[in-house]
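>>> I'll drop the sequence and a predicted model, then ask my questions.
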Amino acid sequence: MKNQTTREDSSPPPPGNGRLPRRWTDFDFLKPKEAIRPRIYLSLTTFSVVAVLAGWVILTYGGIVDEMFLPSPTAMLKTAWHLFASGEIYPNIWTSLYVVVVGFVLAAILAVPAGILMGSFKFVEALIEPIINFVRYLPVSAMIPLLILWIGIGDVEKIAVIFLGTLFQLTFLIADVSANVPKDLLQVAYTLGARKRDVTLRVLIPASLPGIMDNLRITMGWAWTYLIVAELVSAEKGLGYMILQAMRGMQTDVIFVGLFVIGLLGLITDQTFKYLTIWLLPWSEKASV
Amino acid sequence: MGEKKLVIENVTKRFATPKGDAVVALENISAYVEKSEFVTIVGTSGCGKSTLLKIVAGLERPTSGRVLLDGRETRDPGADRGMVFQSYTLYPWLTVRENIAFGLRLKKVSKGEIDDIVRYYLDKVGLTGFDTYFPKALSGGMKQRVAIARAMANNPEILLLDEPFGALDAQTRALMQELLLQLMEETRMTVLFVTHDIDEAIFLGDVVYVMTARPGRIKEEIKVDVPHPRSPDIKMTPMFLDLKKKVVKLIREETIKAVQQSLPKGD
């Protein structure tokens, strides 16, 4: 750690020092994990968004791709305006949202306590882990036919798809969170006079909360996927249904609007979880904007 | 001589590795801590010194032998043996104040009294004004100061510390040692302190137990005849350096032994 420049008898700096980079490998943006200048970062982000939009504009207005397969930006905006202004799209949004939220909340109500218990109490783990590990590898989409036979094609069937699709995954993920609560946190509670009950209620559960929130957020994303799959198979309403109908009528513009709305709803739910974490768990390392 | 506050009596700890081999972690350990005494245990890593402390805390059971506190055998953990860990064990969802109050709340101490105790210990560890901070906003040294305050606020019979400054940088560690020593000189609390840092063991300890490599045994008991209050300057005195030389030699032998043990056997 010698500071070469302040030593009188220092040897000359090694060759190459202070020279401009000459070869392409000298540039820092090729160094893994190295930060780049914010201005460059922003330019690159803007570039990629603009490139996609420009590609869209060129392909459609340039007449390269048939309007039937890829609607132009104006056509899409017009369709979106029509769908929202006429109110045609709202029942579909409402149905999808309702099914996702109900199915997901029901799964969470069961999975959160089951996961905490499974991760921290060996007897619960022994009881339910084998079943969960089997069922969680069954794709819920494969169960849709069975669910239709059992329940029919109404909202309840779709709620069941979301419920079953997320319940086992969520239980498993939350079990992992609870199993990874450092044992020292529990042990120190005992040395402060806590009993088993206190350790569970006052340490284990609060310590698991940030991880639980994280996994709810991730699983919510999957819930949207399951919903659309279920609606594509059979539905009378909903965004997936709307997309399927649009396919039959060759209305690609409606399909794109549907996709865009699904993406937007996913983004909103994701952000909701992010802000819930900041609001409910301000102490968590994950609670940062 | 003072009364024996904590007695460790012929404690042996054996456990089986996942492969099924039996490992003797601790062999026939006997030691004691007098009332208001600061006892340190120093040993190489893996010698079982943390296991010993956990047995004293009641967090682990000895295979044989027993631990007596004030003449009574202890088996389960309890508020009479407060502990500070090497890892940061503050509860991240509680503020500094709530962390320190954790044990007091369990004991159902009245709110006014809790406030007084928390204020007292915050002042003692030099963190007045930080009461509403969450642990994530604190540095490592500050976290350990709160952890010490939390253990002391419970007013335990003995304070157990398991390498509490092990994760801190050298400068912070030196300051923390002085702070802890000063606290103990003031409160006359009984302390059992485990470390691998020889300087730390001698500077803090009235008595230093040197442990052998696995299986952990007490190799030597060394009395540190330096009066309190101790200033950090004593680390430079010939007497301190003589003691240090002695302990370094003992530990070195054990470290070499430990390294040889860890090498694969056979040819």
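Yep, that arrived.
>>> okay, CA-based contacts and neighbour counts for the rest of this
OK.
>>> can you pull the contacts of the closest residue to chain B within the stretch 101-250 of chain A?
Sorted by distance to chain B under CA to the nearest CA, the residues of the stretch 101-250 of chain A start with A:Gly193, at 4.2 Å. Contact partners of A:Gly193, counting by CA atoms under 8 Å, 6 or more residues apart in numbering or on different chains, are B:77-80, B:103, B:106-107.
>>> how close does it get to A:Glu236?
A:Gly193 sits 59 Å away from A:Glu236, taking CA to CA, to the nearest Å as the criterion.
>>> ok, and the most crowded of the contacts of A:Gly193?
With neighbours set by other CA atoms under 10 Å in any protein chain shown, the maximum within the contacts of A:Gly193 is found at B:Gly103, which has 26 neighbours.
>>> which secondary structure element contains it?
Applying DSSP states H and E as the criterion places B:Gly103 in helix B:96-106.
>>> does that helix come close to chain A?
Yes - legend: contact between helix B:96-106 and chain A by CA under 8 Å from any CA of the partner chain is shown at B:102-103, B:106.
>>> what of stretch B:30-50?
No - where contact is defined by CA under 8 Å from any CA, no part of stretch B:30-50 touches chain A; the two come within 12.4 Å at best.
>>> buried sites along that stretch?
Taking 16 or more other CA atoms under 10 Å in any protein chain shown as the neighbour-count basis, stretch B:30-50 is seen to contain the buried residues B:30-44, B:46-50.
>>> now the helix holding B:Gly103, how far from the centre of its chain.
Mean-position distance between helix B:96-106 and its chain equals 21 Å (CA atoms, centre = their mean, to the nearest Å).
>>> swap in stretch A:254-274?
Using CA atoms, centre = their mean, we find the averaged C-alpha position of stretch A:254-274 to lie 11 Å away from the chain's own average C-alpha position.
>>> got the CA positions of it in CSV?
Output of stretch A:254-274 as CSV, limited to C-alpha atoms (Å, rounded to 0.1, in the frame of the first residue of the first chain):
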residue,chain,number,x,y,z
VAL,A,254,-57.9,-6.3,-29.0
ILE,A,255,-55.4,-9.1,-28.1
PHE,A,256,-52.7,-6.5,-27.7
VAL,A,257,-54.8,-4.3,-25.6
GLY,A,258,-55.6,-7.3,-23.4
LEU,A,259,-52.0,-8.2,-23.1
PHE,A,260,-51.1,-4.6,-22.2
VAL,A,261,-53.8,-4.5,-19.5
ILE,A,262,-52.7,-7.8,-18.0
GLY,A,263,-49.1,-6.5,-17.9
LEU,A,264,-50.3,-3.3,-16.3
LEU,A,265,-52.3,-5.1,-13.6
GLY,A,266,-49.4,-7.3,-12.8
LEU,A,267,-47.2,-4.3,-12.5
ILE,A,268,-49.7,-2.6,-10.2
THR,A,269,-50.0,-5.6,-7.9
ASP,A,270,-46.2,-5.9,-7.8
GLN,A,271,-45.8,-2.3,-6.8
THR,A,272,-48.6,-2.7,-4.2
PHE,A,273,-46.5,-5.4,-2.5
LYS,A,274,-43.4,-3.3,-2.7
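>>> list the buried residues for that stretch?
Of the residues in stretch A:254-274, those buried by neighbour count under the rule 16+ other CA under 10 Å are A:254-258, A:261-262, A:266, A:270, A:273-274.
>>> need the residues you listed in TSV (columns: pLDDT and secondary structure).
Putting the buried residues of stretch A:254-274 into TSV (pLDDT from 0 to 100; DSSP: H, G, I helix; E, B strand; the rest coil) gives the following:
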residue	pLDDT	secondary structure
A:Val254	93	helix
A:Ile255	93	helix
A:Phe256	92	helix
A:Val257	93	helix
A:Gly258	93	helix
A:Val261	94	helix
A:Ile262	92	helix
A:Gly266	90	helix
A:Asp270	90	helix
A:Phe273	92	helix
A:Lys274	91	helix
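>>> just curious, which of these is nearest to chain B?
Of all the buried residues of stretch A:254-274, chain B sits closest to A:Lys274, with 17.3 Å by CA to the nearest CA.
>>> need the contact list for that closest one.
Contacts of A:Lys274 were listed using CA under 8 Å, 6+ apart, and they are A:217, A:287.
>>> can you list the residues of the stretch 1-150 of chain B near chain A?
In this structure, the stretch 1-150 of chain B approaches chain A at residues B:57, B:59, B:77-85, B:87, B:89-94, B:102-103, B:106-107, B:134-136, judged by CA under 8 Å from any CA.
>>> narrow these to those that are buried.
Buried members of the residues of the stretch 1-150 of chain B next to chain A, counted by 16+ other CA under 10 Å: B:57, B:59, B:77-85, B:87, B:89-94, B:102-103, B:106, B:134-136.
>>> which of those residues fall within strands?
Assignment to strands by DSSP state E places the following of those there: B:81-84.
>>> which parts of the helix ranked longest in chain A are buried?
Selection of the longest helix in chain A by residue count, based on DSSP state H, yields helix A:90-120. Within helix A:90-120, the residues that qualify as buried are A:92-93, A:96-97, A:99-108, A:111-112, A:114-120, counting by 16+ other CA under 10 Å.
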